[in-house]
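Trainee: what's the 3D shape of this:
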Amino acid sequence: MCVDRIMEKYSPSLDTIKMQIFFDMNYMPKDLFLKEHEDIVATRFKPMLEKICAPVKNDPEGWENIYRLIISGALLYPGLGSANRIAAIREATSILQTYMPVEEMPKFCLMRPERREQRFFKLVKLVLGTRVYNYSLGFGGEGIDNLPELVEEGLRTTVETLDKQLKEVESYAALFTSLYLKLAAFDVNTETLANVAAVEAEKMGVSRNLLKAATVNARQLTVYLRLFRSDLVGLESGHREDKEKLVNVLGEILNCLRANQNTLEPSFQKHLIELSRLWMKFKENVTFIAMLSNLLNSLQQFSFRRYVLLEASRLLNLIHEAEVVCDEIRKGFCAWSIVRYQGLPIPCTPWIGVFVFEGKSYGFSSVEAAMEFDSAPERFIAELNEVARQNPELMNLLSMASTFQEGRAFFPNEDDGVEPKQMADQGIQTLVHPIPRHIDTKYTWNEWELRRRALQLNYVRKCVTHSVQTRLSNWRRDNDTQVYLPKYGNMAFLVLNMKLECNQTKRDNYSQVPRPSVYLHGLRGGHPTFNHCLASPWMSRVAEIFGSANRQRCISLLRRLAPVRPTPDGVFDSAVVIPLCYYDRQHPAILFTKRSLLVRHFPGEVSFPGGRMEPNESVVEAALRELEEEVGIPPSFVDPWTTFTPLPTRTVLSLIHPLVGFIGNYDPLEDTINQQVGGSLQSVRLRPSPHEVDMVVFRSINWLSNPAYREHCVYREHLCLPFTGATTFLGSPCPTSREFHKSATFSLPVFGGSPGCVEPPRITGTTALLTYQLLTCLLPQGLLYFIFPWTLIDVLRAFVRSFAVKKKPNYADQPEKIRKPVLVKTLRGFQFNDGDHVYKGDILVRQMGLEIYPGENVKLNRDTWDLVALRGGRFTITTETLSPYPDSPLYPVVKEEGRVLQRPFVHVIAPPTVPVFKLKRYL
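Mentor: Residues are numbered from 1 along each chain as shown. Have a look, this model is predicted:
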């Protein structure tokens, strides 16, 4: 039955329940509403209050920032005025200067947070009281409205609306009740008026259940409207008293000013605080009236008036207006009528009398009803509870919620309801197999599974594992021996013949909880090319790499660097910081950031923290500001070393000014940067900006100096090179005269993964160039000395092979080479398409004595847009992958063949290895 009633589409009873739930969830008395409103305002203002009460640097800049926050808080906390209006800010600033000048900010910042908070709220009240007084005189008070008039207007409008709706709802309730009673007067004579009205009502679709549900809906809405009106009447009486107090306080302030009383005296400030309190009370009254008005409008969606069958014009055809009994002189509801008509709330008549039974008063609509109720009150009360149980919308209307909560509605013969019994759930588990059985979980009968395990064991047998006990090892064992020295060891010449027996050996065994770790693929087995590292004298002095001596040497070398390329016109200045640090107190490292995909330039690339320089801002200030914005490291944690030669970028017109600085030690467990300052350890947690930084990357200097993780890409550019060759990026001092090299070719480093492992984020472009320059100056013996003899030959060979060898074009044999899908050594005048971009230029290929077949193992470098053929790779260039552009000598030949491909496709099958040669496009 309950489910059916809830699922009804057109049911005034269901609307009544919804109305009651909506009212209970949204309506609050005035005191409770104002308290909750105050808590919401305090919660919204809490971040600004924490900034005002937070510790601040003892400098004028920090004091000025706190003073600005106080001015903004004086405007935002009362909600009277905007912090974006210049007039309001100027007025608040001038008023605040009167009560707390800027010279008192050091004293304010030295207060405890609780005392500072109290002082701030007092200043807010003084500023608000002064602004209200200025507004009353007709000048100032920007953004302040006439709240007393707004309260009076809101009260008048809302009360008029309530009276109008209350009168209408009561008339409908009387109409529904009278019509229900008329239809309920059943007579066997079909010609009686009541029976005729019942027949007509049945034809119109108006049933007694519908009228009863609509009556309950109207009665409940009437109760809520009367409650709203009582709240507004009480508010109106209090508003008149507050308005009189406002006039008196304004007069007292005016008298004090005429008597030339000092504004800093407590007696004068007391009047201003009282004025601000009254004005905030007017603002709270406006908010409460708005809440009641919104709630009044929201209750209309649950009203009976949205049903067409219940319109007054239709119902008056069934009953005459003279038969409708109004409810103006009635109060409460008749208990006998609710039982007699199964839930119809008919107002009772007080002059008949009140029946008191067991501490409760019952009223009646007629004398006959009172006499019948008096004959069996217990039976009527029990039936009344049963009717309320079957019609839950009556519980709230008749205020019977306490009766059902206490249990008296279900246990009428007991004084108190049955106390709830304390119950607990217990469960017993019985073993299915009392006798333990041995089940081998690894047992299998599948022949192929056994074969797979055998092959796996054979593979593991061939693998070689080298294990070393480290600080992160599990089940670690340490043996310590402690020997107590002689008591008079410093006077050994006096106790040469003394025999001491005070040796002690101590043994500590402990285990370490395993911690999840991420390992690189390919470290076990196989034959990597560059993974073998030999010991070097520098490795023992790795802790001295950031020492004072090596620091001065590095700064001297960095300042002597010459420009890599000339600065183009129209560039803007940018600043980056190269943060040096220790990773876990052991490994010297450099901090990088992986740019977010939301940024405009170079999304997803690895770079240093930095950005565009503001006007009148130095390189150090801009770099440290960007470091704090992107990573969260404050400038006080950075020890700046030096700046060196700025570097212009190739894709964006920007001139990058690098700054080298030391930031301390990075703790990977706590994700913090630590520094030892004055005997105390200071820490700051990394907070990458989600809009600029995707992740923070640490790369050790040992990893960056390993040639296994470094490649070189060849670039060709129209520029004037300040150095000779393309094998170093240190350069020589810039000469006085430089020649313009057309189509100059040089190489840039790329720091990335190693063969056979998952590649970390690659470091390319300007970031890689700055890293290479810093490493060459920072490492004690340069970067190339860490390439071992057997590795240096391979690297130089790969570096020489990275250059394409131009040959004299021979167009006589080109058609023959195009028709056949065979190896092509040199092609000129070709283009290839990639989406919407078309690249033209020379396709230069060198075989290098390797077997090259058509097909696979060619990759497209998305960073440099180079076609790279790998070691052992096989590829071919035909008209299926390249097409000549119109001004090429090969265009007529390919056009005759009709073989033009709109988009080339390059497929990579083998894993990446060291590049042997490249197909270079030239724009």
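Trainee: Around Y709, how many other residues sit close by?
Mentor: Neighbourhood size, Y709 [other CB atoms under 10 Å]: 21. Every C-beta, even on glycine, is put in place using the N, C-alpha and C of the backbone.
Trainee: Wait, S654 touches P648, no?
Mentor: Yes - at 7.0 Å, S654 and P648 qualify as touching, with contact defined as CB atoms under 8 Å.
Trainee: Now do the helix ranked longest in the chain: which elements does it pack against?
Mentor: In the chain, with assignment by DSSP state H, the single longest helix is helix 208-258. Under the contact definition 3 or more CB pairs under 8 Å, 6 or more residues apart in numbering; DSSP states H and E, helix 208-258 sits against helix 12-26, helix 30-53, helix 113-137, helix 147-184, helix 266-298, helix 393-397.
Trainee: What residues of the first one count as buried?
Mentor: Put plainly, it is helix 12-26. Neighbour-count burial for helix 12-26 flags 12-17, 19-20, 23 (criterion: 16 or more other CB atoms under 10 Å).
Trainee: Same list (those) but as a markdown table, adding distance to F644.
Mentor: Shown next, in a markdown table, are the buried residues of helix 12-26 (distance: CB to CB, whole Å):
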| residue | distance to F644 |
| --- | --- |
| P12 | 83 |
| S13 | 83 |
| L14 | 78 |
| D15 | 77 |
| T16 | 80 |
| I17 | 77 |
| M19 | 75 |
| Q20 | 76 |
| F23 | 72 |
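Trainee: between those residues, which is closest to L264?
Mentor: F23 (50.5 Å; CB to CB).
Trainee: For that closest one, which residues are in contact?
Mentor: Going by CB atoms under 8 Å, 6 or more residues apart in numbering, F23 touches 224, 295, 299.
Trainee: Please parse the chain into its domains.
Mentor: As assigned by automatic domain parsing, the chain contains the domains 54-137, 147-303, 329-406, 545-801, 814-919.
Trainee: mean confidence score for the fourth one?
Mentor: For domain 545-801, the per-residue pLDDT values average out at 77.
Trainee: Ok, the second one next?
Mentor: The predicted model assigns domain 147-303 a mean pLDDT of 80.
Trainee: With the shortest one instead?
Mentor: Summarised as a single mean, pLDDT over domain 329-406 is 68.
Trainee: what does the last one give?
Mentor: Over the span of domain 814-919, the pLDDT mean works out to 41.
Trainee: Are we agreed that E711 is in a strand?
Mentor: Yes - the assignment for E711 by DSSP: H, G, I helix; E, B strand; the rest coil puts it in a strand.
Trainee: Please state the backbone phi and psi of the closest residue in space to it that isn't next to it in sequence?
Mentor: Leaving aside its sequence neighbours, E711 sits nearest to V750 (CB to CB, 6 or more residues apart in numbering; 4.5 Å). Per-residue torsions, V750: phi -140, psi 120 (degrees, to the nearest 10).
Trainee: What about V750, how many residues nearby?
Mentor: Using other CB under 10 Å, the number of residues around V750 comes to 19.
Trainee: can you offset everything so residue one is 6?
Mentor: All right, first residue 6 from here; so that's V755.
Trainee: For it, give its distance to T769.
Mentor: 5 Å (CB to CB, to the nearest Å).
Trainee: what does E697 give?
Mentor: In terms of CB to CB, E697 sits 19 Å off from T769.
Trainee: For these two, indicate the residue with more neighbours.
Mentor: Ranked by neighbour count (other CB under 10 Å), E697 and T769 place T769 first, with 22 against 17.
Trainee: Surely the more buried one touches V611?
Mentor: Yes - using CB under 8 Å as the test, T769 is close enough to V611 to be in contact (7.5 Å).
Trainee: Surely I661 is in a strand?
Mentor: Yes - counting by three-state DSSP, I661 is located in a strand.
Trainee: got the contact list for it?
Mentor: Per CB under 8 Å, 6+ apart, neighbours of I661: 579-581, 615, 651-654, 771, 775.
Trainee: and if you look at V156?
Mentor: By CB under 8 Å, 6+ apart, the neighbours of V156 are 244, 287, 290-291, 294.
Trainee: Mind putting those into CSV with distance to L152 and neighbour count?
Mentor: Listed next are the contacts of V156 as CSV, based on distance: CB to CB, whole Å; neighbours: other CB atoms under 10 Å:
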residue, distance to L152, neighbour count
H244, 10, 19
F287, 4, 21
N290, 8, 24
V291, 6, 17
I294, 11, 21
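Trainee: for those residues, which one is nearest V702?
Mentor: V702 has its nearest neighbour among the contacts of V156 in V291, at 54.7 Å by CB to CB.
Trainee: May I have the residues that are in contact with that closest one?
Mentor: Residues near V291 by CB under 8 Å, 6+ apart: 152, 155-156, 159.
Trainee: Show me just the buried residues among these.
Mentor: Buried among the contacts of V291 by 16+ other CB under 10 Å: 152, 156, 159.
Trainee: In space, what's closest to the last one - neighbours in sequence excluded?
Mentor: Taking CB to CB, 6+ apart as the measure, G159 lies nearest to I294, with 4.2 Å between them; neighbours along the chain are not counted.
Trainee: could you measure the one you found against L237, distance?
Mentor: For I294 relative to L237 (CB to CB), the value is 7 Å.
Trainee: One more: T446?
Mentor: Distance from T446 to L237, by CB to CB: 76 Å.
Trainee: How about S685?
Mentor: For S685 relative to L237 (CB to CB), the value is 62 Å.
Trainee: Between these two, which is the more surrounded one?
Mentor: Legend: neighbour count by other CB under 10 Å for S685 and L237, higher for L237 (19 against 7).
Trainee: returning to what we had before: give me the common contacts of S659 and P653.
Mentor: Residues touching both S659 and P653 (CB under 8 Å, 6+ apart) are V576.
Trainee: what's the angle from the longest helix of the chain to helix 152-189?
Mentor: Orientation check (axes from the mean of the first three to the mean of the last three CA atoms, to 10 degrees): helix 213-263 against helix 152-189 gives 170 degrees.
Trainee: okay, the angle between helix 213-263 and helix 17-31?
Mentor: Using the same axes, to 10 degrees: helix 213-263 against helix 17-31 is 20 degrees.
Trainee: quick one, phi psi at L603?
Mentor: For L603, the backbone dihedrals (degrees, to the nearest 10) come out as phi -90, psi -10.
Trainee: In contact with the residue nearest to it when sequence neighbours are not counted, which residues are there?
Mentor: Using CB to CB, 6+ apart and skipping the chain neighbours, the partner closest in space to L603 is H696 (5.8 Å). By CB under 8 Å, 6+ apart, the contact set of H696 is 601, 603-604.
Trainee: Narrow those to just the buried residues.
Mentor: 601, 604.
Trainee: In a markdown table: the contacts of H696, plus distance to L784.
Mentor: Output for those, formatted as a markdown table (distance: CB to CB, whole Å):
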| residue | distance to L784 |
| --- | --- |
| S601 | 32 |
| L603 | 36 |
| V604 | 32 |
